[in-house]
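Asks: Sequence and predicted structure below; questions after.
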Amino acid sequence: MKIALSAEATCDLTPELLKEFNVNILPFKVVLKDATYNDGDITTEEIFKFVDETGVLPKTTAINQFEYQEYFENLKKDYDAIIHIALSSGLSSSCQNAILASQEMENVFVIDSLALSTGIALQIIYARKLIDEGLDAKEIYEKLLARRENAQVSFVVERLDYLHKGGRCSSLALLGANILKIRPRIVMKDGRLSSDKKYKGKMESVVEKYCTDTLAEFSNIDKEIGFVTYTTATPEMVNVAVEALKSAGFKRVEITRAGCTIASHCGGNTLGILYFNDGE
């Protein structure tokens with residue numbers, strides 16, 4: 001059985017990693033005022049510049065059922081089955097649209113990742129391993145469903161103004177955070193974003209504390225691969241996170257830039273470490 005592996009651009013894999021793991025990508029649309037772009041065709045810097053100039057967050061438009069159906073039909077010309085790992089249903093209606101499209105077709109399996117960014121990428125890499133081992137599409141689908149909640153997906157955020165503009169932070173919390181220089185940790189839980197820890201200080205030291213806390217709290221680590229993913233960051237911030245993962249024993253550490261979804265919600269100087277928290 002020839003199986004296509006698929007995801008949306010929100011998986012935040014680099015072109016090199018997309019090629020290595022043979023992933024087909026469907027982009028979201030990003031709207032900046034009157035201009036519409038494919039996610040991936042516009043940089044995070046351009047998004048931040050737009051928000052700074054206008055005070056308005058960019059909008060991401062959900063992929064509709066017809067677009068998924070057309071996309072899946074094109075893939076089915078070359079493949080017997082499709083495994084599509086979708087952005088969390090708690091963040092977008094696209095996942096449900098993909099599921100509805102798959103129900104009209106044979107051998108198309110859509111997994112609600114309950115994640116975003118390289119939390120999806122972790123599941124993609126696991127799926128590729130299962131495909132290469134020769135499992136059939138239904139077996140892979142069931143194994144992905146069983147493992148998806150073990151993805152540790154979190155970020156530390158320098159500023160709350162993007163979360164405030166997006167309605168995820170009150171004005172009072174924004175004011176207090178700005179005065180006290182609070183840097184929250186944002187985690188994915190049950191497919192949604194929430195804040196569970198708060199740090200203070202310069203981002204380099206905050207990243208170090210965040211990595212130490214996260215690796216200690218989510219300590220049943222699968223050390224095959226870990227991601228350091230960021231919107232913008234100083235070299236020091238990235239190095240601190242990379243060294244934290246290497247010191248924890250990760251065999252492979254990949255650095256990726258977050259795309260439009262993370263950037264639109266969290267702003268600049270947002271950085272996360274992401275990995276499976278379910279042992280070897």
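Replies: Looks like it came in fine.
Asks: show me what contacts the spatially most central residue of the chain?
Replies: Ranked by distance to the mean C-alpha position of the chain (C-alpha atoms, centre = their mean), the top residue is residue 117 at 1.1 Å. Neighbouring residues of residue 117 by C-beta atoms under 8 Å, 6 or more residues apart in numbering: 10, 11, 12, 153, 229, 258, 259, 261, 262, 272, 274. Where you see a C-beta, it was placed from the backbone N, CA and C, and this is true even at glycine.
Asks: one more time with 6 Å, if that's ok
Replies: With contact taken as C-beta atoms under 6 Å, 6 or more residues apart in numbering, residue 117 is in contact with 12, 229, 258, 262.
Asks: so which strand or helix has the second one?
Replies: Mapping residue 229 onto the secondary structure by DSSP states H and E places it in strand 226-230.
Asks: Which element is encountered next along the chain beyond that strand?
Replies: Downstream of strand 226-230, the next assigned helix or strand under DSSP H and E is helix 235-247.
Asks: who does the helix or strand just after that next one touch, helix- and strand-wise?
Replies: Per DSSP H and E, the first helix or strand lying C-terminal to helix 235-247 is strand 253-257. Contacts defined by 3 or more C-beta pairs under 6 Å, 6 or more residues apart in numbering; DSSP states H and E place strand 253-257 against strand 226-230.
Asks: which residues sit against the strand it packs on?
Replies: 12, 117-118, 241-242, 245, 250, 253-256, 258, 271-275.
Asks: do that again at 8 Å, thanks
Replies: Contacts of strand 226-230 (C-beta under 8 Å, 6+ apart): 12, 117-118, 121-122, 155, 237-238, 241-242, 245, 248, 250, 252-258, 262, 269-275.
Asks: now stretch 96-104
Replies: Under C-beta under 8 Å, 6+ apart, the answer for stretch 96-104 is 62-69, 72, 82, 84, 86, 89, 108-110, 112.
Asks: do the same with stretch 204-218
Replies: So stretch 204-218 is contacted by 152, 154, 156, 158, 183, 185, 197, 199-200, 221, 234, 236-237, 240-241, 244-245, 248, 271, 273, 275, 277 (C-beta under 8 Å, 6+ apart).
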